[in-house]
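Student: What follows is a predicted structure for the sequence shown.
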Amino acid sequence: MVNKQNKNLTDREKSILETHGWLSAQPHRFRTAVLSEAELLTFGPGESIYRLEDAPGGLYAVCDGFIDVIIALQPDLPQLVHVARQGWWVGDAALITDTPRRAALTTRTAATIAYVPKASLLDICATEPEGWRMVARLSVGMFDHTLAMMSAYRLDTAEARIVAVLRALLGEGQIFGHADESDPVVFPLSQLDVADLTGLSRNATGPVLRRLQRRGAVKLGYRQFSIVDRSLL
């Protein structure tokens, strides 16, 4: 069940969001204001955070766990487009435009999420001269990620496409990519999940992942894999 008791973030969650992703790159005063208004939500695996076409609200950030980002360009044809981890923020488009949610978020694992309500963000941006510019930077980061994924889908070989998507999952090349390379990177994704993310068949995906394992870049497990040496991707 979702825990919505409006708990404050602990020092641990604040530290994660101050060192990972979009908020870590914003001015100290803005970071402090956002974190002071954030509420801590807890989810079990497979729970909905919000659904496509839900009413607009505030911003969400992943403190722990993994989140599936799902879109549906056609009714009844949901597509997994990203698996988000620590430091990933979302909700900017609905917030800025006051329009319904463009994607659905579902927990892949148990997760702790920071939620900054819409009213709090409006208050922060009303008193912080550069507040909306900070939020717009989040939108630019989302746009960069989208371009990276579009580019990956156009690559000619299955290996090139899979490597590009793995790098995108790591946040490489993104304006607000994840923190340093010492972060443990174990993704709870099966070969079928990787196939879904890359638009490839499972038969095309498996041999590439095994080849990357022999190279020493990844380590495959049951419904998960580790990126052991990103320089070998």
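Tutor: Cool, the structure landed. Residues are numbered from 1 along each chain as shown.

Student: Measure how buried residue 176 is and give me the count.
Tutor: Residue 176 has 22 neighbouring residues, counting by other Cβ atoms under 10 Å. The way it works is simple: take the backbone N, C-alpha and C, and place the C-beta from them, glycine included.

Student: mind listing what it touches?
Tutor: By Cβ atoms under 8 Å, 6 or more residues apart in numbering, the contact set of residue 176 is 21-22, 24-25, 87, 137-138, 141.

Student: Need the nearest residue in space to residue 10, chain neighbours excluded.
Tutor: Leaving aside its sequence neighbours, residue 10 sits nearest to residue 40 (Cβ to Cβ, 6 or more residues apart in numbering; 7.5 Å).

Student: Which helix or strand contains the one you found?
Tutor: strand 39-43 (DSSP states H and E).

Student: What of residue 83?
Tutor: Using DSSP H and E, residue 83 sits in strand 79-84.

Student: Can you name every helix or strand that whatever helix or strand comes next after that strand contacts?
Tutor: Next along the chain after strand 79-84, taking DSSP H and E as the criterion, comes strand 89-90. Applying 3 or more Cβ pairs under 8 Å, 6 or more residues apart in numbering; DSSP states H and E, we find strand 89-90 packed against helix 21-24, strand 59-64.

Student: Quick check: buried residues in the longest one?
Tutor: By that I understand strand 59-64. Buried positions in strand 59-64, judged by neighbour count with 16 or more other Cβ atoms under 10 Å: 59-63.

Student: Across the sheet, point out what pairs with residue 50.
Tutor: Residue 50 has these beta-bridge partners by DSSP bridges: residue 105.

Student: these two touch, right, it and residue 58?
Tutor: No. Using Cβ atoms under 8 Å, residue 50 and residue 58 do not qualify as a contacting pair, with a distance of 10.5 Å.

Student: on that earlier part again, OK, contacts around the residue nearest to residue 10?
Tutor: By Cβ under 8 Å, 6+ apart, the contact list for residue 40 reads 7-10, 13, 63, 112-115.

Student: Distance check, the most centrally placed residue in the chain against residue 173.
Tutor: Centroid-nearest residue in the chain: residue 84, 2.7 Å away (criterion: Cα atoms, centre = their mean). Separation of residue 84 from residue 173 (Cβ to Cβ, to the nearest Å) stands at 16 Å.

Student: now for the longest helix along the chain, which elements pack on it?
Tutor: Taking DSSP state H as the criterion, the chain has its longest helix at helix 131-153. Packing partners of helix 131-153 (3+ Cβ pairs under 8 Å, 6+ apart): helix 21-24, strand 79-84, helix 92-97, helix 118-127, helix 158-170.

Student: okay if I get these as CSV plus mean pLDDT and distance to residue 218?
Tutor: Shown next, in CSV, are these (pLDDT from 0 to 100; distance: least, Cβ to Cβ, whole Å):
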stretch, mean pLDDT, distance to residue 218
helix 21-24, 94, 23
strand 79-84, 92, 15
helix 92-97, 93, 31
helix 118-127, 96, 38
helix 158-170, 94, 8
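
Student: out of the ones you listed, deepest packed?
Tutor: Each of those was assessed for mean neighbour count using mean count of other Cβ atoms under 10 Å. The highest is helix 21-24, with a mean of 23.

Student: Only the buried residues of the helix or strand just after it, if you could.
Tutor: Downstream of helix 21-24, the next assigned helix or strand under DSSP H and E is helix 28-37. Using 16+ other Cβ under 10 Å as the test for burial, helix 28-37 gives 30-31, 33-35, 37.

Student: name the helices or strands packed onto helix 28-37?
Tutor: Counting by 3+ Cβ pairs under 8 Å, 6+ apart, helix 28-37 packs on helix 11-19, helix 21-24, strand 111-116, helix 118-127.
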